[in-house]
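> Structure for the following, please:
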Amino acid sequence: MELKPLRYFITVAEELNFSRASVKMYVSQPALSRQIKSLEQELDVVLFLRESDGLKLTPAGVFFLNQAKDILHRTETAIKTTQTLYSKSEKPVIIAYIPTILQGFLGSLLHDFGHNYPQILITLKELSPSDQVEALRNNKIDIAFMGNPPEQLEEEFIIKTVKEVLIRAVLPEKHPLANNTSIDLAQLTSEKFIGMSEDTFPGRNDRIIDTCRCANFEPNLHLFADSHASMIALVGAKQGVAVMPSEAESLPHPQVIFMPLHNPKYYARSTAVYRKETPDKSLAKFLAILLKTKKIENICSI
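You can find the predicted model right below:
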């Protein structure tokens, strides 16, 4: 049995609500429900009673909750203690990122770190935000660079805002507004919007909706992309418009323009997310370079 289902089970057992647990775990609700169902099948027991007023732990569920917490605690302690006692070399720093961050902020950060600590290796992994969170939980990466994560993750991880960049509207190059120097987001009120898949970017659509509400309208989200590249491609295919951080303009975007917004201005934040445990020597040095970055105040974030 892997540790991931145990973490999912513990969260559902503590929340007794799939919706709240899925937000807290940064996964979609259907995926979380499947994980719990699979765990019950593997154990051949019923862990939860699905009642009209919510979930309730069965006696087997109560027993397994205590055991699952103990297993996770002992596993994490064993890993950390072994590394502390027997690791003599400086570990590589394993970094997960979304592509919009790499060519801007992260690229310059890696340059500064390499200049100060050339002996420490860096391993980069391009992962979606949901995969980044899962990799952090499973100790597969040391730090994740993602967009604006939900507040619930702050209960589990340290989240630092490292940069805030302007939001752009993403339009087909033949759009009626394409020749403007800038637009008000409210000018797109009647447009169809491209959102993000809840499986790969949980909570991102809430950010898109909140941003449009700052312009006094509800966006019509009708298609959902699983990556920044596919979101740009859908706009280029005239399937709708989108809002994205200006850093995404560094990605290939044929038949698409990134249009500045005005009145008011909108910002997206890039965050660094890492575990609350004491970092190892290599990660501590990386964080020292990272946390020199100053953030700007945002008006409306996505």
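> worst-scoring helix or strand of this protein, pLDDT-wise?
Of the helices and strands making up the chain, the lowest-confidence element is helix 99-101, at a mean of 84, by mean pLDDT, DSSP states H and E.
> for it, packing partners?
Taking 3 or more Cβ pairs under 8 Å, 6 or more residues apart in numbering; DSSP states H and E as contact, the helices and strands that helix 99-101 lies on are helix 228-236. Where C-beta positions appear, they are placed from N, C-alpha and C, glycine not excepted.
> Please state the offset of the helix it packs on from the chain centre?
Relative to the centre of its chain, helix 228-236 is centred 19 Å away, using Cα atoms, centre = their mean, to the nearest Å.
> on contacts alone, who are the packing partners of it?
Taking 3+ Cβ pairs under 8 Å, 6+ apart as the contact definition, the neighbouring helices and strands of helix 228-236 are helix 99-101, strand 157-172, strand 192-196, strand 220-225, strand 242-245, strand 256-260.
> Once you drop chain neighbours, what's closest to residue 12?
Taking Cβ to Cβ, 6 or more residues apart in numbering, and ignoring the residues beside it in sequence, residue 12 has residue 21 as its nearest neighbour in space, at 4.5 Å.
> was I right about that neighbour contacting residue 11?
Yes - with contact defined as Cβ atoms under 8 Å, residue 21 counts as touching residue 11 (4.6 Å).
> Same drill for these two, tell me which one is more crowded.
Taking other Cβ atoms under 10 Å, residue 21 and residue 11 do not tie; residue 21 has more neighbours (24 against 21).
> Now name the helix or strand holding that one.
Here residue 21, judged by DSSP states H and E, is contained in helix 18-25.
> next one: that helix to chain centre, how far?
Its chain's average C-alpha position is 14 Å from that of helix 18-25, according to Cα atoms, centre = their mean.
> For residue 70, give me its contacts.
For residue 70, the contact set (Cβ atoms under 8 Å, 6 or more residues apart in numbering) is empty.
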